[in-house]
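Q: Let me see the structure of the following:
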Amino acid sequence: MTSKWMVSPTGNGAQVWELGKDATVRLPRWRKGLVARVERGTLVVTQAGDPEDHVLAAGDEVRLPPGGLAVAWALTPSLLAVRDAARVEASLPCQAAA
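A: Residues are numbered from 1 along each chain as shown. Predicted coordinates for the structure are as follows:
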């Protein structure tokens, strides 16, 4: 039940955790919310005030609004990357108005 924080290997500003089976981690709070992406494994992400628990497998991600305690629980050994939603939005290509 261990977790290990590490610097993102891609340099994209993500906070990355390697989680052993049944490990938990409290996710950071950012003003614009966060995007949690599972790089490896399966985990549950939940946030206070959100009636839904998000079960995510490798390649899945969820955007959580700001506010409220958010945690991740690893159902299997997992690698979780969390990014500030504002940074994610800023990196998206602009879409032309129709």
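Q: The closest residue to Gln15 other than its chain neighbours and Leu43, how far apart?
A: Distances taken as Cβ to Cβ, 6 or more residues apart in numbering place Val82 nearest to Gln15, at 5.0 Å, with adjacent residues excluded. C-beta: built from backbone N, CA, C; applies to glycine. Look at Val82 and Leu43: by Cβ to Cβ, to the nearest Å, they are 12 Å apart.
Q: what do you get for Asp50?
A: Applying Cβ to Cβ to Asp50 and Leu43 gives a distance of 15 Å.
Q: quick one: the helices in this structure?
A: For the chain, the helices defined by DSSP state H cover 85-91.
Q: Looking at Asp50 and Leu43, which is more packed in?
A: Leu43 (29 against 14; other Cβ atoms under 10 Å).
Q: Next one, pLDDT for the more buried one please.
A: In this model, Leu43 is scored at 97, pLDDT.
Q: show me the contacts for it.
A: Residues near Leu43 by Cβ atoms under 8 Å, 6 or more residues apart in numbering: 19, 55-56, 72-76, 78, 80.
Q: Who does the residue nearest in space to the middle of the chain form a beta bridge with?
A: Taking Cα atoms, centre = their mean, the centroid of the chain lies closest to Ala36, which sits 1.7 Å from it. Per DSSP bridges, the residues bridged to Ala36 are Val62, Val82.
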